[in-house]
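Q: Requesting a structural model of the entry that follows:
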Amino acid sequence: MATVALERDGSATVQHPLDRVLAAAADAGFRGVALDWFTLRAAERAGSDASAVADRVRALGLVVTDLSALGLGADASTDERVSASMARRCAALGIPLCALVLGVPPSPAVDDRIARVGDVFAASGVRLALEFVPYSAVRTLAEARAVCGRIGHERCGVLVDTWHLARSGGTPADLADLAPSEIACVQLADAAPEAADDPADESRRSRRLPGDGVVDFGAVAAELTKAGYDGPLGTEVLDRRLAAQLPEAVAEACFRAASTYFPA
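A: Just a heads-up that it's a prediction; the model follows:
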């Protein structure tokens, strides 16, 4: 589930206190949650440090599956500082994965940067999850697999987002030859029949619940089963209409839609 409102420039408005979002997820039936950097930092500014958030997560019977997202852009000077800050929070919260998005095209120099930040996270027991995004520097599943293969899957796996898979021209069949070790985590969201003119805006504001669009989630489930994947599955339905609802309604809708294809 996602309860932040992402804007066209990539900024975000945190809609609800983290404690309420966590409770809504647990009440809906989720066993785990993904945290985004915006929501975590908002909770910290409100007085809840990472240890307090971790206590609340455990009290609700949840785990945190991943943190989103580390972005690597043209300026490499902050890589180590930002990575250390995020890795420290992952360690405090017991988060095993941190999503990675590239804003610069892959190259030997960029591979070195990923490897270095991967080492920072690995020292805290955290693996990177490279997200392919059709409007980013790594646009397709094949491109993400190539990067992760060079870095090493133990440090960096692929984050499979079904909306990104659909909008990058991929199909569930593309998941068939993935090894379980390649997949870091899977995010579920459906796509409208017609792509919008602005893919970034559509991704951040107009996704659909699983089953409400063109993605064949029955095939997604079948291919992931064939691949032997048994890791985290989450919903990332970034949609302005959902974002306007209360977190309890969002959690219930996301859990109900995902459970149709992936029974709890």
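Q: Which strand in the chain has the most residues?
A: Criterion DSSP state E: the longest strand present in the chain is strand 63-72.
Q: That one pairs with which strands, and in what direction?
A: Note on strand 63-72: by DSSP bridges, its sheet partners are strand 32-36 (parallel), strand 97-102 (parallel).
Q: looking at those strands, which is buried most?
A: Each of those was given a mean neighbour count from mean count of other CB atoms under 10 Å, and the largest, a mean of 24, is that of strand 97-102. All C-beta atoms are positioned from the backbone trio N, CA, C, and that covers glycine.
Q: mind listing what's buried in the helix or strand just after the longest strand of the chain?
A: Of the helices and strands lying after strand 63-72 in sequence (DSSP states H and E), the nearest is helix 79-93. Using 16 or more other CB atoms under 10 Å as the test for burial, helix 79-93 gives Asp79, Val82, Ser83, Met86, Ala87, Arg89, Cys90, Leu93.
Q: And the furthest pair within those residues?
A: In the buried residues of helix 79-93, the most distant members under the criterion CB to CB are Asp79 and Leu93, with 21.4 Å between them.
Q: I'd like to check the angle between the longest strand of the chain and helix 79-93, please.
A: Angle between the axes of strand 63-72 and helix 79-93 is 180 degrees (criterion: axes from the mean of the first three to the mean of the last three CA atoms, to 10 degrees).
Q: tell me the mean pLDDT for strand 63-72?
A: Strand 63-72 carries an average pLDDT of 97.
Q: quick one on the thing from earlier: could you dump the strands paired with strand 63-72 into CSV with distance to Leu188 added?
A: As requested, the strands paired with strand 63-72 are arranged in CSV below (distance: least, CB to CB, whole Å):
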stretch, distance to Leu188
strand 32-36, 11
strand 97-102, 15
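Q: Mind putting those strands into JSON lines with distance to Arg127 and mean pLDDT?
A: Conversion of the strands paired with strand 63-72 to JSON lines gives the following (distance: least, CB to CB, whole Å; pLDDT from 0 to 100):
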{"stretch": "strand 32-36", "distance to Arg127": "14", "mean pLDDT": "96"}
{"stretch": "strand 97-102", "distance to Arg127": "5", "mean pLDDT": "99"}
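Q: Which among those is found nearest to Pro108?
A: For these, distance to Pro108 was read as CB to CB. The smallest value, 13.8 Å, belongs to strand 97-102.
Q: can you list contacts of the closest one?
A: Under the criterion CB atoms under 8 Å, 6 or more residues apart in numbering, residues 65-72, 86-87, 90, 110, 114, 117, 121, 126-131, 133, 136-138, 147, 156-157, 159, 184-185, 232 lie in contact with strand 97-102.
Q: how about a cut-off of 6 Å?
A: Applying CB atoms under 6 Å, 6 or more residues apart in numbering, the external contacts of strand 97-102 come out as 66-72, 86, 90, 121, 126-131, 136-138, 159, 184-185.
Q: Which of the buried residues of helix 79-93 sits closest to Arg256?
A: Of all the buried residues of helix 79-93, Arg256 sits closest to Leu93, with 26.9 Å by CB to CB.
Q: Quickly note the distance from the closest one to Ala87.
A: Distance, Leu93 to Ala87, using CB to CB, to the nearest Å: 11 Å.
Q: Count the residues that sit near the nearest residue to Leu60 once chain neighbours are set aside.
A: Take Leu60 and drop its neighbours on the chain: the residue closest to it by CB to CB, 6 or more residues apart in numbering is Ala26, 4.1 Å away. Neighbour count for Ala26, taken as other CB atoms under 10 Å: 19.
Q: okay, Ala26: pLDDT?
A: In this model, Ala26 is scored at 98, pLDDT.
Q: quick one: it is in a helix?
A: Yes: if the criterion is DSSP: H, G, I helix; E, B strand; the rest coil, then Ala26 is within a helix.
Q: That one touches Ala59, doesn't it?
A: No: between Ala26 and Ala59 there is no contact, the gap being 9.3 Å when judged by CB atoms under 6 Å.
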